[in-house]
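Colleague: Predicted model, plus sequence, below.
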Amino acid sequence: MGMRKVAVVGAGMTKFVRRAQETPKELSWEAAHMALESCEMTMDDIEAVCLGTAPDAFDGIHMNGEYLSDGAGAWRKPYMRSYVGGGTGVFVPIQGWYHIASGLFDVVMVVAEEKMSSYYPHAQAAFLTIFDHTTERPLKPNLLWIFAMEMNRYMTTYGISKADIAQVAVLHKRNAADHPCALLGDADITLDDILKSEVLAWPVQRLDVSPVSDGAVAVILAAEHVAKRITDKPVWIEGVGWHLDTGYWTNRDLAYPRYVEYAARMAYDMAGIKEPRKEIHIVEPYDPFDYKALHHLEGLQLAERGKAPELYSDGTASRTGNMPVCPSGGLLGVGNPIAAAGLMKIAELFWQLRGEAGARQVPGQPRRGLAQAWGDLMQVGTVVIMGR
Amino acid sequence: MTANIKEFPGISLNEQDFADGKILYNFDKLNGLYAWDTGIGIGSYLASLKNGVILGSHCKTCRKVVVPPRTICEWCFRPMDEFVPLKDTGIVNTFSLCYVTWDVQRIKDPEIPAVIDIDGASPMHGIMHMLGDVDPQEVKIGMRVQAVWKPTSERKGSINDIQYFKPIEEK
Amino acid sequence: MALLNRDPNSPVVWNGELPITNRYTYGLAGEKFFRTLKDEGRILGTHCPHCDQTYVPAAIFCERCLAKLDDWVDVGTSGEVNTFTFLQVNLNGSPLEKPEIIAFVRFGDGGLIHRLGEITPDQVEIGMMVQAVFKPSSERIGSILDIDYFKPV
């Protein structure tokens, strides 16, 4: 298609914490600085910057992306911000990817940052802005409603129980115990802990949800000829896909994320993947809620509809299984700073495919991984496939 | 590389740090007041609600009746052909029992938000609203429900002109 | 009715508001910068040796080379007026009794935006030196308003 090969050559991230002392600019800087150090590059090498950060409403700062740009090294450089809610984490590297694939730039820094804690007293209230102001906000909704309703529909359509779904939270939180930046890693958590946690909006219980967090992640992308000079283990971006569905979320089948399917097909096509279940070695689906991981695995064509829980119950999804899911611990374990969470998955795949993930390393020298994010009002699917 | 890094950046605070004045901070309150134009589609929807009718719109090309009504069909991107009055009954597509309010306060009796597929609209096309006059434990997906309207004099042209949906007694 | 015409009975406007309250931490650089303003009545900047830039208000990183900065410098309490304006109206558009003078005062390679006081509009000039007037230390809370205003030197 005339597009150049692009690789991820460096990555950095901050801890994901409930309440960071750093300002948003400082968080972006910490991640960007670490990403540069990881591949021994300087700002002189970076030709453009792409940044993703979530609704300005959280920070009460207009043009939040531009405000953060100096922390991301965008001073006097071509700069773009992208935003698709939670999907941003996997969308902004796609933006970085086409900066290079098109031939326009050779080295791009991609940063995703989120500081949700400044919304006072609780970031949840900011999500009121996601609902239609005329037809939905008068009902005083909260974000939990949509997820709870989608979860209910998914469970009822396929006859899946809460215990089937809670397995996801258990595996991800246990995995996160090995992630140094994780907020909610717990090596000893059990199914019972999840099922006994406080009911927030049935069927969603407290431990089914990932928490409000602050954090930032940065990766460095480079064109082939540059990547090969910087590292002998570049991780190539083999396929990208993104897709948006209608904002009228009550006019859709909530049991199946078709927008994830379309994004996935676009990426599989580009990567030349014909049998995803066999050719993808590690998958990092977006998991702000435990049932979402299952929902997305089905959308990604990695499980048949209604059958994703089996990947967990038969051990396929564990780190030593046939297709590990969220070896990082995902959002449920590491944390959910809205825009940064997806990029955390990209960074994880970067480290995993190079054999540098330490205690989280998936054995057997995995060669191909997929990261997926989702966002807005149950609307967007973004997918990136990486390989060695 | 995560294997080699000992210390990741990021300083975590807790509420006590603020209370103790260990770190400096300030508050800011934005004053965002809005007056949104309701537009043609939603404007007609609201006018219809005032008259006790749920309105949808119909695209003949795509053979879809959607609700809330829009003026443009988002699938074929042509103007919709007509507005269509729908019934005020429907089927519960999904629901939740919510024990926290939008500003994170705990409540004892749950609110019951639901997506209700409205009779007269295409399948799986509905609106979000609340269920009421029902035991939370009895709510089921697939239940038939009926809108309970405010008295005519109290309706303003708003989604709250419907107070809630309640189960239809099966005869 | 013709679909693309407004229904004359429809409410034209829907009112709403955005309830946003933020609690901002001052961050790593801000912590030191504002504490020094509060406790010592001094203005600090940070210097990047690689780019030879002094950032005021202080920052923990250089925005040009992204290096970590730990070279803190006292930039004094007087600076040059780089530019200024006279505010005649309030935020809601109503007229102010007397115009407020807002200026950008140079410190290091950056500066502070603040009010000018003890001066009349016709006396303000770009290039003039002004001096920070701090609030009494008991009234300082660690805020840019710990400086009450800048007055001519």
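Modeller: Received it, and whenever you're ready, just let me know what you need.
Colleague: Please make it C-alpha for all contacts and neighbour counts, starting now.
Modeller: Will do.
Colleague: now for the helix or strand containing A:Phe58, which elements pack on it?
Modeller: Remark: A:Phe58 resides in helix A:56-59, with elements defined by DSSP states H and E. If you count contacts as 3 or more CA pairs under 8 Å, 6 or more residues apart in numbering or on different chains; DSSP states H and E, helix A:56-59 packs onto strand C:13-25.
Colleague: just to revisit the earlier point, which residues touch the helix holding A:Phe58?
Modeller: A:62-64, A:115-116, A:118-119, A:123, A:126, C:20, C:22 (CA atoms under 8 Å, 6 or more residues apart in numbering or on different chains).
Colleague: Can you list the buried residues in it?
Modeller: A:57-59 (16 or more other CA atoms under 10 Å in any protein chain shown).
Colleague: how distant is that helix from the center of its chain?
Modeller: Distance, stretch centre to chain centre, for helix A:56-59: 20 Å (CA atoms, centre = their mean, to the nearest Å).
Colleague: Please pull up the helix or strand immediately following that helix.
Modeller: helix A:64-68.
Colleague: Report the distance from the very next helix or strand once past that next one to the chain centre.
Modeller: Using DSSP H and E, the helix or strand that follows helix A:64-68 towards the C-terminus is strand A:79-82. The chain centre lies 18 Å from the centre of strand A:79-82; the measure is CA atoms, centre = their mean.
Colleague: Could you see whether chain C lies near strand A:79-82?
Modeller: No: using CA under 8 Å from any CA of the partner chain, strand A:79-82 stays clear of chain C, coming no nearer than 14.0 Å.
Colleague: tell me the average confidence for the helix or strand B:Ala47 falls within?
Modeller: Element membership of B:Ala47, judged by DSSP H and E, is helix B:39-50. Mean per-residue pLDDT for helix B:39-50: 92.
Colleague: Could you give the bridge partners of the residue nearest to the spatial centre of chain B?
Modeller: Of all residues in chain B, the one closest to the mean position by CA atoms, centre = their mean is B:Met128, 3.7 Å from it. With DSSP bridges as the criterion, B:Met128 is bridged to B:Val115.
Colleague: residues in contact with it?
Modeller: Contacts of B:Met128 by CA under 8 Å, 6+ apart are A:136, A:250, B:113-116.
Colleague: wait, which of those is closest to A:Leu377?
Modeller: A:Thr250 (10.2 Å; CA to CA).
Colleague: From chain C, how far off is that closest one?
Modeller: 21 Å (CA to the nearest CA, to the nearest Å).
Colleague: helix/strand/coil for that residue?
Modeller: When classified by DSSP: H, G, I helix; E, B strand; the rest coil, A:Thr250 comes out as helix.
Colleague: Let's see if you can find the most crowded of the contacts of B:Met128.
Modeller: B:Ile116 (30 neighbours; other CA atoms under 10 Å in any protein chain shown).
Colleague: Now do it, the pLDDT please.
Modeller: 96.
Colleague: C:Val89 and C:Ile101 touch, don't they?
Modeller: No: with contact defined as CA atoms under 8 Å, C:Val89 does not count as touching C:Ile101 (11.7 Å).
Colleague: the more surrounded of the two?
Modeller: Shown here are C:Val89 and C:Ile101; by other CA under 10 Å, C:Ile101 has more neighbours (19 against 14).
Colleague: Figure out the helix or strand that that one lives in.
Modeller: strand C:95-107.
Colleague: next SSE after that strand?
Modeller: That would be, after strand C:95-107 and using DSSP H and E, strand C:110-115.
Colleague: contacts for that next one?
Modeller: So strand C:110-115 is contacted by C:54-57, C:100-106, C:148-150 (CA under 8 Å, 6+ apart).
Colleague: quick check: angle from the next helix or strand after that strand to strand C:110-115?
Modeller: Next helix or strand after strand C:110-115 toward the C-terminus (DSSP H and E): strand C:129-134. Angle, strand C:129-134 to strand C:110-115, by axes from the mean of the first three to the mean of the last three CA atoms, to 10 degrees: 70 degrees.
Colleague: Just checking: what are the partner strands of strand C:129-134?
Modeller: With DSSP bridges as the test, strand C:129-134 pairs up with strand C:78-89 (antiparallel), strand C:147-152 (antiparallel).
Colleague: Next, format those as JSON lines and append mean pLDDT.
Modeller: Shown next, in JSON lines, are the strands paired with strand C:129-134 (pLDDT from 0 to 100):
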{"stretch": "strand C:78-89", "mean pLDDT": "95"}
{"stretch": "strand C:147-152", "mean pLDDT": "95"}
